[in-house]
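> predicted model and sequence follow; I will ask about them next.
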Amino acid sequence: MIPFNFIRPASLAEALDFLAENGERTEIIAGGTDLLVELRGIPAGKKGPKWVVDISGLPELKGIREEGEEIIVGSGSTHWEVHTSELIRETAPLLAAASATVGAAQHRNIATIGGNIMNASPAADTVPALIALEASAVLRSREGERVRPLSGIFVKPYQTDAAPGEILTAVRFRRLPAEAKSAFVKLGRRNALAISRMNAAVVLFLRDGVISEARIAPGSATPMPERFAAAEKILIGQKPSEELFRAAGAAVAAEMVDRSGRRWSTPYKEPVIAALTARALREALAG
Amino acid sequence: MIGLSPLRVDGREKVTGAARYGQDLKLAGMLYAKVKHAEYPHAEILKIDTARAKKIKGVAAVLTAADVPGNTAFGAVIVDNQPLAEDRVRYLGDAVAVVAAETAEIAEKAAAAIKVKYRELPAVFDPREALEPGAPEIHEGGNQINHHKTRKGDVAEGFRQADLVIERSYSTQRVDHTYIETEVVVASLDHDGTLTVEGSHQNIFSIRAAVASFLGLPLSRVRIVQAALGGSFGGKDDCMSVLSCRAGLLALKTGRPVMLSNSRESSLIESYKRHPYFLDYKVGVKRDGTLTAMEIKVVADGGAYASMTPFVTWRSVVHATGPYRVPNVKTDIYGAYTNNTYTGAFRGFGSPQITFAYESLMDEIAGELKLEPLEFRMNNILRDGEITATGQKLDHTVSVGQALQAATSAAGWEEKRRRFSEENRTRLLKRGIGLACSYRGVALGAEGVDATGAIVRIQSDGSIDLTTGLVEMGQGLKTVFSQIAAHELGVPVERVQYRRTDTSTIVDGGPTVASRSTIMGGAAVRKAAIAAREKLCAAAAGELGADPAELTAVGEKIMVASDPDRAIDFTGAVALALAAGMNLSSFAWHVSPPIWWDEEAGKGNAYFTYVYACQVAEIEVDPETGKINVLEVWAAHDVGKAINPEAVRGQICGGVATAIGYGTLEEVELVEGVTKTVNLDEYLIPTAMDVGKIHSIILENPDKYGPYGAKCIAEPTAELCAPAIANAVAHAAGKRIRDLPLNLERIVLGHKLVKKQRRAR
């Protein structure tokens, strides 16, 4: 592994001060399950980060709590903390489900939800769930805090619009009401320790047996995770049915091809994302 | 003691972390080595410039083929593998130079500083194309490594008698052994000039032969010692010779100890794999389900070096029809050189490929004839005293029928076949149940001389040293051999210490391969232990006033068999023997019963005995995503006699897991010779969550040639589950997949998803 300076700030303020000065040549490490692999992949002699700032011990980034109708998940929360949190299970079960499928237990014990977001992988498990929850990202720098819709921070695969001086401190979203229906469905090549081949997160609201609101966020389908409005539109105002869910799935597949173009993997991904979407909708409805 | 399952004798050291593996070795003044790999899959080496690398501070040596004092190539069958490429590179895992430096980082820097000038040569990556006239020649004399055949009866006549002739083609992929521990050696010179190479060795004697030849040293000056081994599965043979030659050369030139180890990436790129096979089967069958003829043509991708290809494909040719009564057989198998990563021994050794083909085919034929797969097999399987495809009359209990019955009845076969078909009509996830059966020649067979030795040494305090030339690699050999010695000497296993395997402590007893250890090595241990016991009995006879022949060793006593009260302590008998000047060390040698093979005629008694097995897989497949879940596996294996049933179950679980990976997940992907799956994030093996519940069913039909009737278990466990899964998928989803692995894309699309490649060259 290439050499770098390892910085362990004692507080968020100290971390932000350091980043304000040195952010350009610094990588932030939380759980390290993505970053360490990347650092080891840099060949000897090639340039890497000068500093690595470890934010895993910062108390300001820890904890899952509610503030009124909002749930705030500290970016330093591990996947284990997220998927075992009673609050998350109650208010955002699809997020608990997504966190539960990340890597293996060893990863979930150390990898954080903030890392999963900021790594910006198109295959991230928690991001589609958070987007379906209409979550916001809370980004802090020495100058202050900005809150952006999570779906807006992704620039391209493995890149967000966070400035070099910024740290993601939390994600926040409105709690799902008890009557909301939601699901996260993941397809991996293995039953454990698997990267999403594809996944889908959905949230449905029903009024008088009719779908009043729908959110569909497929994962590993587009370069950046996002909601698929055309498919959502098909659902709204309709009574749930197998045919309707299949139609929504087909619309997701069509939208995926529209956005990503026909690629070498499209013959597989096109029918599969349709099936996964329909399945997620079915599972959501079944509760 | 025989048939019991004492705790593994090497269990404690492994679970506590005390076991010393190759990477744990640290010698004073040790250098670290790195390899400069080829930059083209096929190219002539014009110039190797090592000047810059040599100037780097901390570099002790930069060596190339020009520095090799002995033969630049080695090979157990064909001498073609160059640990340092001399004039040509033939695959991207070849090394053109090797560096030793004070640290691994310096060595890596120095390796990167070596500049090589090449002239790129036309390359070939498909073994079928490699055998065509005009294909780029990889080794002098052409790309055909070997051609094996079997001939029985007259296939033309057999096809004439058939009501139906079915032709099918299958293919299998390249897979990696994926041992937890990658390859590692430490080479060092003793004060007397002996070169010792300790490391993750599977076959210490073949490695010694390669190192001695490469360095121009007599065999007696090369010592190969096995460190604790973190898995091998057939994989730590030729590639360990390669590492040992390179590190040995550096140690010789620098006079200092040298460690050379492969990262996971290097291991995936450099070490040999299981052969991809292309198999064409043509089968004649009567309407009542009787097989009349089989014509089989197989091409195996040997990659850049022959390695074990001639033997792997020979095992395939012997078994290619499966355990079936086929009156007319014509099989041809070709091994071909390509510019891919070379292929060699891997648990199964040429059987997983053909088993996948013939057991998929049996289900396909049954389907064509509207017969049940089990019933169809039961009508065609070999029975006691029948003749195999190579003309061998089977003179032992032929238990394939028993295995089929045992596995299917435990699995609830008939009820599930019916019920799943019914339920699947309304289910989204489809259930299926499939089976596969096999027969398998035990030990080396007509590959070569099969003999091995053991030394039992009783110490003055009554403890026992046991030495053989065969190695522990996780399979439980130390425990089973210790059990046999303990049993014959009437002492607890704890009294026996299995010595580390070391070429300087015992004569060459062949490799630890071919599932031969229990039947060959176990027999040698038994003989040596009996010889040692007889000495104790002779020593104790006077004291007990009995004839030595009346004595036995039980419960740490030497006693009169018919009168257990007349006994003396084991240690007392040892003292008597030593006082009488007796030698309490026994060496025994065991040679396999006679076998023969006529390569020209394609006939012979290929192996002295066979094992039989059946595995049933119950799966759930999602036709929409292609995801297969293996729910349960029932594995019935005739082992002759289970000396350690728990170890047998361990072997079954391991073999089934390997085969599930082979069947559904694993593939070392090469594109134009470039390995695309270079680490375990892309090369996926099954986790504990992917193997389902495995039921081991041990069948025992004692064999006259095995110690206590024992035969073998290691490899047959790994050859059945892939076709059982393929058959279960066909049952569940009506999809017949003829190419491995049955991954997500193949299940959904019916074919592999191929990334568009720039077609170069």
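Sure thing, it's come through.
> tell me the pLDDT of the closest residue to chain B within the stretch 1-150 of chain A.
Distances between the stretch 1-150 of chain A and chain B by CB to the nearest CB are smallest at A:Ala44, namely 5.5 Å. C-beta coordinates here come from the backbone N, C-alpha and C atoms, glycine included. As predicted, A:Ala44 sits at a pLDDT of 71.
> is it true that it touches B:Ala104?
No: under the criterion of CB atoms under 8 Å, A:Ala44 makes no contact with B:Ala104, lying 10.2 Å away.
> and the residue of the stretch 1-150 of chain A closest to chain B, how many neighbours does it have?
Close neighbours of A:Ala44, defined as other CB atoms under 10 Å in any protein chain shown, add up to 13.
> for my notes, confirm it occurs in a strand.
No: judged by DSSP: H, G, I helix; E, B strand; the rest coil, A:Ala44 forms no part of a strand; its state is coil.
> residues from chain B in reach of chain A?
Residues of chain B lying near chain A by CB under 8 Å from any CB of the partner chain: B:105, B:108-109, B:112, B:624-627, B:629, B:665, B:681, B:684, B:686-690, B:743-745, B:748-749, B:753-756.
> buried subset of these?
Among these, the ones that count as buried by 16 or more other CB atoms under 10 Å in any protein chain shown are B:108-109, B:112, B:624-627, B:629, B:665, B:684, B:686, B:690, B:743-745, B:748, B:753.
> of those residues, which belong to helices?
In this view, those that belong to helices under DSSP state H are B:Glu108, B:Lys109, B:Ala112, B:Leu744, B:Glu745, B:Val748.
> next up, the contacts around the closest residue to the last one other than its chain neighbours.
So that's B:Val748. Spatial nearest neighbour of B:Val748, chain neighbours left out: B:Gly626 (4.2 Å); criterion: CB to CB, 6 or more residues apart in numbering or on different chains. The contact partners of B:Gly626, by CB atoms under 8 Å, 6 or more residues apart in numbering or on different chains, come to A:Tyr268, A:Val272, B:Asn743, B:Leu744, B:Glu745, B:Arg746, B:Ile747, B:Val748.
> how about B:Ala53?
When contacts are counted by CB under 8 Å, 6+ apart, B:Ala53 touches B:Val59, B:Val62, B:Ala97, B:Val99, B:Ala110, B:Ala111, B:Ala113, B:Ile114.
> for the contacts of B:Gly626, which one is nearest B:Ala162?
Lowest distance from B:Ala162 to the contacts of B:Gly626 (CB to CB) belongs to B:Arg746, with 30.6 Å.
> tally of neighbours for the closest one?
As a burial measure, B:Arg746 scores 21 neighbours (other CB under 10 Å).
> could you do B:Asp288 as well?
For B:Asp288, using other CB under 10 Å, the count is 9.
> check the one 5 residues further on too.
Using other CB under 10 Å, B:Ala293 has 25 other residues around it.
> repeat for the one 4 residues further on
Neighbour count for B:Lys297, taken as other CB under 10 Å: 16.
> that one pairs with what?
Beta-bridge pairing for B:Lys297 (DSSP bridges): B:Asp280, B:Asp332.
> pLDDT score for it?
pLDDT recorded at B:Lys297 is 98.
> residue contacts, it?
B:Leu279, B:Asp280, B:Thr331, B:Asp332, B:Ile333.
> list only buried entries from these.
Taking 16+ other CB under 10 Å as the criterion, what is buried in the contacts of B:Lys297 is B:Leu279, B:Asp280, B:Thr331, B:Asp332, B:Ile333.
> where are the low-confidence patches of chain B?
Per-residue confidence for chain B (pLDDT under 70) gives these ranges: B:756-761.
> can you tell me the centre-most residue of it?
Centroid-nearest residue in chain B, with CA atoms, centre = their mean: B:Arg347, separated by 2.9 Å.
> okay but it is in contact with B:Pro716, surely?
No: counting by CB under 8 Å, B:Arg347 stays clear of B:Pro716, with 10.0 Å between them.
> can you tell me the residue of the stretch 301-450 of chain B closest to chain A?
When distances are taken as CB to the nearest CB, the stretch 301-450 of chain B reaches nearest to chain A at B:Leu428, 8.2 Å away.
> assumed that residue was part of a helix.
No: according to three-state DSSP, B:Leu428 belongs to no helix; its state is coil.
> can you get me a residue count around it?
12.
> in contact with it, which residues?
Here B:Leu428 is in contact with B:Asp622, B:Glu624 (CB under 8 Å, 6+ apart).
> before we move on, what about B:Leu279?
Contact analysis of B:Leu279 by CB under 8 Å, 6+ apart lists B:Ser169, B:Tyr170, B:Ser171, B:Thr172, B:Ile296, B:Lys297, B:Val298, B:Gln353, B:Ile354, B:Ala357.
> just the closest of these to B:Tyr439, please.
B:Ile354 (11.5 Å).
> surely the closest one touches B:Thr313?
No: counting by CB under 8 Å, B:Ile354 stays clear of B:Thr313, with 9.8 Å between them.
> next, show the common contact partners of these two.
Shared contacts of B:Ile354 and B:Thr313 (CB under 8 Å, 6+ apart): B:Val298.
> any shared contact partners between B:Arg347 and B:Pro716?
Contacts common to B:Arg347 and B:Pro716, judged by CB under 8 Å, 6+ apart, are B:Gly655.
> before we move on, back to that, identify the residues contacting the residue nearest to the centre of chain B.
Here B:Arg347 is in contact with B:His177, B:Phe233, B:Gly234, B:Gly655, B:Thr658, B:Ala714, B:Glu715, B:Ala718 (CB under 8 Å, 6+ apart).
> and if you look at B:Ala306?
Counting by CB under 8 Å, 6+ apart, B:Ala306 has contacts B:Gly75, B:Val77, B:Ile78, B:Asp80, B:Asn81, B:Ile145, B:Asn146, B:Gly335, B:Tyr337, B:Tyr342.
> show me the shaky parts of the stretch 151-287 of chain A.
For the stretch 151-287 of chain A (pLDDT under 70), the answer is none.
> all helices of it, in order?
Listed in chain order, the helices of the stretch 151-287 of chain A (DSSP state H, counting those that start in this stretch) span residues A:229-235, A:242-260, A:266-286.
> now render the ones you listed as TSV, adding distance to B:Glu120.
Output for those, formatted as TSV (distance: least, CB to CB, whole Å):
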stretch	distance to B:Glu120
helix A:229-235	50
helix A:242-260	36
helix A:266-286	34
